[in-house]
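*Asks:* Fold the following and give me the result.
(chains A, B, C, D, E and F)
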There are 4 protein chains.
Amino acid sequence: MSDKELIDELFNNADGLTEKQKQIIQAAIESFAEKGYASTSTSEIAKKAGVAEGTIFRHYKTKKDLLLSIAAPAMAKLIAPFVIKDLDKVLNQDFERFEDFLQAMIENRMKFLNKNLTLFRILIQEIPFQPELKAQFKEHIASKVVERFLKVITHYQEKGQIIDLPPYTVIRLVASSIFGYLIGRNLLFPELDWDDQVEIEKTVNFIMHGIAPKK
Amino acid sequence: MSDKELIDELFNNADGLTEKQKQIIQAAIESFAEKGYASTSTSEIAKKAGVAEGTIFRHYKTKKDLLLSIAAPAMAKLIAPFVIKDLDKVLNQDFERFEDFLQAMIENRMKFLNKNLTLFRILIQEIPFQPELKAQFKEHIASKVVERFLKVITHYQEKGQIIDLPPYTVIRLVASSIFGYLIGRNLLFPELDWDDQVEIEKTVNFIMHGIAPKK
Amino acid sequence: MSDKELIDELFNNADGLTEKQKQIIQAAIESFAEKGYASTSTSEIAKKAGVAEGTIFRHYKTKKDLLLSIAAPAMAKLIAPFVIKDLDKVLNQDFERFEDFLQAMIENRMKFLNKNLTLFRILIQEIPFQPELKAQFKEHIASKVVERFLKVITHYQEKGQIIDLPPYTVIRLVASSIFGYLIGRNLLFPELDWDDQVEIEKTVNFIMHGIAPKK
Amino acid sequence: MSDKELIDELFNNADGLTEKQKQIIQAAIESFAEKGYASTSTSEIAKKAGVAEGTIFRHYKTKKDLLLSIAAPAMAKLIAPFVIKDLDKVLNQDFERFEDFLQAMIENRMKFLNKNLTLFRILIQEIPFQPELKAQFKEHIASKVVERFLKVITHYQEKGQIIDLPPYTVIRLVASSIFGYLIGRNLLFPELDWDDQVEIEKTVNFIMHGIAPKK
DNA sequence: TATGAATGAGATTTCATTCAT
DNA sequence: GATGAATGAAATCTCATTCAT
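*Replies:* Numbering: from 1, shown residues only, chains lettered A, B, ... in the order given. The predicted structure follows:
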């Protein structure tokens, strides 16, 4: 159910995916996340998807094709909000304080990640091994996203809300805190009782104090 | 050379490893880190190690055995300093300020990680897929290490040097900042020019401000 | 030719065996009988069957699976006539004299064995080593077949045609004589000139005198 | 203990077997009987024998050598009593009646078999697959033993104690009854309660009636 | 003599991919 | 489009045998 929606959202039906294709993608996502790309066999995916082995290769020339057809759009969606052409303008006007920007951003992306945890998992697990993914990642994150954020950081630095450090360093520190929370919460210790509301607030506070300008 | 030292250090040759065994382990470490455990074939390891494929299986019953025989001690070494029985006592007395403790700890573990980057890589890549490793990780990190750190945090909280948050949250925030740096520096963007001295100092400052008690 | 018939008969093509599957089974039967299960390699079977080695494992998960898929139905067919629900009734009415029953039985099973000698060979060679087969053997022979025979023997004992010994003993003596002939004739000294007609008659005589009631 | 005696008896110390050699042979006998020659690995034998793998090959050039060095003397011992040069003379004089001869023979060989059951097992399991063993078997049994027995049978036929059938046939019938008992008793259903005394007597009776001359 | 590490040929098994139906 | 039997290359693993110590 929610699985279908996920796929529908990720691969905007525009692409015109068959019912079978969706089943295949769904099965692949589950298996890749659980056992890793290399340890998942196509026959396994076929079985879980309820299709014949050959059907997979009718839609995806190779197994790696299947992986890429999942990972690439996932990565795109993940960073989409940061790539919107005029993010900077919009944001700057919407959020007087960096703190509010931060809060909004975390909440937005966290919702997304919670919904797409498996995809996120696949990404961080496979990027190190798939040159194509690594390239995409570098191109998108390293250039596009970071580039936007640099502007955002500089903006708030100019407003005197952020300490006068190299923007790269600020980004690193902020990103570490956020991803640290996401990974701990969702991947390392998902079985613990997390009060998102509270933890996010504390994380934002931590960041804000950490990067507050010297008085 | 430095490879041999690494292995010697990790598998205290007390264990009495054959020359060939060392070659095998060395080759396995390299390949696992580079291509991942599942995508590394034993024939590849054998070739790189300059031994017959059968030799691998004489020393390690299965391929997974080989992985575990590398990962388990690596994990142990990685967290060793935090498990030293009286870490807390020692530390508390040695470091008047949490900041100094932090500084020392980061430098110590960073040196270790820089030397053993490949092993660290293997660990974070394979722990999600190897139940045995996951179990060890949980047992050691989650219980032993966290337990020690809880005491340390509480100690400095009582001294009024750390904000009065749940110690778990403090640990998370501190750990995120540190690992965020290590991963960014070593795994994500190793090709960039990092000034460790400076970055560490800034990270420590960030943390200290972030967890400073409210005045 | 006669090979195909054999297989068709044994694995009533109801089972829907592929042409390749039949070839595999045929090749396996030949090789197992000739060299024994453990000494027959799957690559050998594949070559003899004219299929790729992978094809074997598409149909039979393991090599042992292949053995069992041959041996189990063979055993079933071998003892089928003795398990027909109302064997006893039928036989008792059809054969006034035990001698006639014996004669009929030997001829019937001997024809079958001559046709399926290789299968019989595999059975007696592998049953001692394959717990699954041993279990089936005990369950079918020891319980089902022996049970029927007990009734038959008792029946003819009551008619005064057989000496008043424990039926188990009678069965053992009769079975020894029959299998002794079959094994000597077919397995030990197949190169000799056997006059089945005569030998069977003599064997039946031997048995009949051996178990004749005391006058 | 009794194992050592067995080996001592079988390989008359004359051969001068080392302690290690005995252990090897003992281990091999056990494993061959239990799992079959082909499915027993030399490393397994070495472990069970408590010696190094290399030690086996110091004493026996190949694995098959080891098998033959066990099987050949076992076969020899098994049929020894029937090959004693003047068996016929001796026997004829010792036993007025064929029945007594039979009784004595069964008892003698049965004791031996009970003591050497594992060896017997190995023989009947491996003879079909080992040309060398098959040759020895044919040579010894088919020629030597049968030859002797032919004379014995003929002798008692001339005395009018045995029906006037082809001696080969008589041998087959007698042998079937005896081996049928041994195999059923020791190999097929060793878990049942057998009263040897009684069963042997009945078997002898069965044979004697079966081959009694027509009145 | 005994050892056991090392070998390499070969055994079993897996699996991505193709293709006839 | 979908199927699933077939493939064959490669992966993991086994094992008899050798040889330096």
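*Asks:* show me what contacts the residue nearest the centre of chain A?
*Replies:* Centroid-nearest residue in chain A: A:Leu78, 3.7 Å away (criterion: Cα atoms, centre = their mean). Going by Cβ atoms under 8 Å, 6 or more residues apart in numbering or on different chains, A:Leu78 touches A:Arg109, A:Phe112, A:Leu113, A:Asn116, A:Leu119, A:Phe120, A:Leu123. C-beta here means a position set from N, CA and C on the backbone, and glycine is covered the same way.
*Asks:* neighbours around A:Leu113, how many?
*Replies:* By other Cβ atoms under 10 Å in any protein chain shown, 18 other residues sit near A:Leu113.
*Asks:* let me fix that: A:Asn108
*Replies:* Neighbours around A:Asn108, by other Cβ under 10 Å: 11.
*Asks:* Likewise for A:Pro131?
*Replies:* A:Pro131: 9 surrounding residues under other Cβ under 10 Å.
*Asks:* just A:Ser43 next, same as before
*Replies:* Counted with other Cβ under 10 Å, residues neighbouring A:Ser43 total 11.
*Asks:* surely it meets A:Gly54?
*Replies:* No. In this structure, A:Ser43 is not within contact of A:Gly54 by Cβ atoms under 8 Å, at 10.7 Å.
*Asks:* re earlier: with distance to A:Arg97, pLDDT and secondary structure added, can I get the contacts of A:Leu78 in JSON lines?
*Replies:* Shown next, in JSON lines, are these (distance: Cβ to Cβ, whole Å; pLDDT from 0 to 100; DSSP: H, G, I helix; E, B strand; the rest coil):
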{"residue": "A:Arg109", "distance to A:Arg97": "19", "pLDDT": "83", "secondary structure": "helix"}
{"residue": "A:Phe112", "distance to A:Arg97": "23", "pLDDT": "83", "secondary structure": "helix"}
{"residue": "A:Leu113", "distance to A:Arg97": "24", "pLDDT": "84", "secondary structure": "helix"}
{"residue": "A:Asn116", "distance to A:Arg97": "29", "pLDDT": "86", "secondary structure": "coil"}
{"residue": "A:Leu119", "distance to A:Arg97": "32", "pLDDT": "92", "secondary structure": "helix"}
{"residue": "A:Phe120", "distance to A:Arg97": "28", "pLDDT": "91", "secondary structure": "helix"}
{"residue": "A:Leu123", "distance to A:Arg97": "31", "pLDDT": "94", "secondary structure": "helix"}
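*Asks:* any idea which of those is the one closest to C:Leu182?
*Replies:* For those, the residue nearest C:Leu182 by Cβ to Cβ is A:Leu119; the value is 66.7 Å.
*Asks:* Excluding chain neighbours, give the residue nearest to the closest one in space.
*Replies:* Using Cβ to Cβ, 6 or more residues apart in numbering or on different chains and skipping residues adjacent in sequence, the residue nearest A:Leu119 is A:Ala74, 4.2 Å away.
*Asks:* just to revisit the earlier point, just the CA trace of the helix or strand that the residue nearest to the centre of chain A is a member of, in CSV.
*Replies:* Using DSSP states H and E, A:Leu78 falls within helix A:63-83. The C-alpha coordinates for helix A:63-83 follow below in CSV (Å, rounded to 0.1, in the frame of the first residue of the first chain):
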residue,chain,number,x,y,z
LYS,A,63,21.1,-6.0,-12.6
LYS,A,64,23.1,-2.9,-12.1
ASP,A,65,20.6,-1.1,-14.3
LEU,A,66,17.9,-2.0,-11.9
LEU,A,67,19.9,-0.6,-9.0
LEU,A,68,20.6,2.6,-10.8
SER,A,69,17.0,3.0,-11.9
ILE,A,70,16.2,3.0,-8.2
ALA,A,71,19.1,4.9,-6.7
ALA,A,72,19.3,7.7,-9.1
PRO,A,73,15.8,9.1,-8.7
ALA,A,74,16.0,8.4,-5.0
MET,A,75,19.1,10.6,-4.7
ALA,A,76,17.4,13.2,-6.8
LYS,A,77,14.3,13.3,-4.6
LEU,A,78,16.4,13.4,-1.5
ILE,A,79,18.1,16.5,-2.4
ALA,A,80,15.4,18.0,-4.5
PRO,A,81,14.4,20.8,-2.1
PHE,A,82,17.9,22.1,-2.0
VAL,A,83,18.2,22.3,-5.7
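*Asks:* quick one: that helix to chain centroid distance?
*Replies:* From the chain centre to the centre of helix A:63-83 is a distance of 9 Å (Cα atoms, centre = their mean, to the nearest Å).
*Asks:* Stretch A:48-63 too?
*Replies:* 26 Å.
*Asks:* What of stretch A:36-43?
*Replies:* Averaged C-alpha coordinates place stretch A:36-43 at 22 Å from its chain's average position (Cα atoms, centre = their mean).
*Asks:* can you tell me the distance between the two ends of that stretch?
*Replies:* Counting by Cα to Cα, to the nearest Å, you get 15 Å between the two ends of stretch A:36-43.
*Asks:* And stretch A:188-202, by the same measure?
*Replies:* Stretch A:188-202 has an end-to-end distance of 19 Å (Cα to Cα).
*Asks:* That stretch close to chain B?
*Replies:* Yes. Applying Cβ under 8 Å from any Cβ of the partner chain, one finds stretch A:188-202 in contact with chain B at A:Phe189, A:Glu199, A:Lys202.
*Asks:* per-domain residue ranges of chain A.
*Replies:* What automatic domain parsing lists as the domains of chain A is A:2-59, A:65-210.
*Asks:* got a markdown table for the ones you listed, with distance to DNA strand E too?
*Replies:* Compiled in a markdown table, those are given as follows (distance: least, Cβ to the nearest atom of the strand, whole Å):
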| stretch | distance to DNA strand E |
| --- | --- |
| domain A:2-59 | 3 |
| domain A:65-210 | 7 |
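*Asks:* how about these in JSON lines, adding distance to B:Glu34?
*Replies:* Shown next, in JSON lines, are the domains of chain A (distance: least, Cβ to Cβ, whole Å):
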{"stretch": "domain A:2-59", "distance to B:Glu34": "13"}
{"stretch": "domain A:65-210", "distance to B:Glu34": "9"}
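*Asks:* So which bits of stretch A:133-142 are buried?
*Replies:* Residues of stretch A:133-142 classed as buried: A:Leu133, A:Gln136, A:Phe137, A:His140, A:Ile141 (neighbour count, 16 or more other Cβ atoms under 10 Å in any protein chain shown).
*Asks:* for the residues you listed, which one is nearest D:Ala33?
*Replies:* Using Cβ to Cβ, A:Leu133 comes nearest to D:Ala33 of these, at 57.5 Å.
*Asks:* which element is the closest one on?
*Replies:* helix A:131-137.
*Asks:* Mind giving me the packing neighbours of that helix?
*Replies:* helix A:63-83, helix A:117-126 (3 or more Cβ pairs under 8 Å, 6 or more residues apart in numbering or on different chains; DSSP states H and E).
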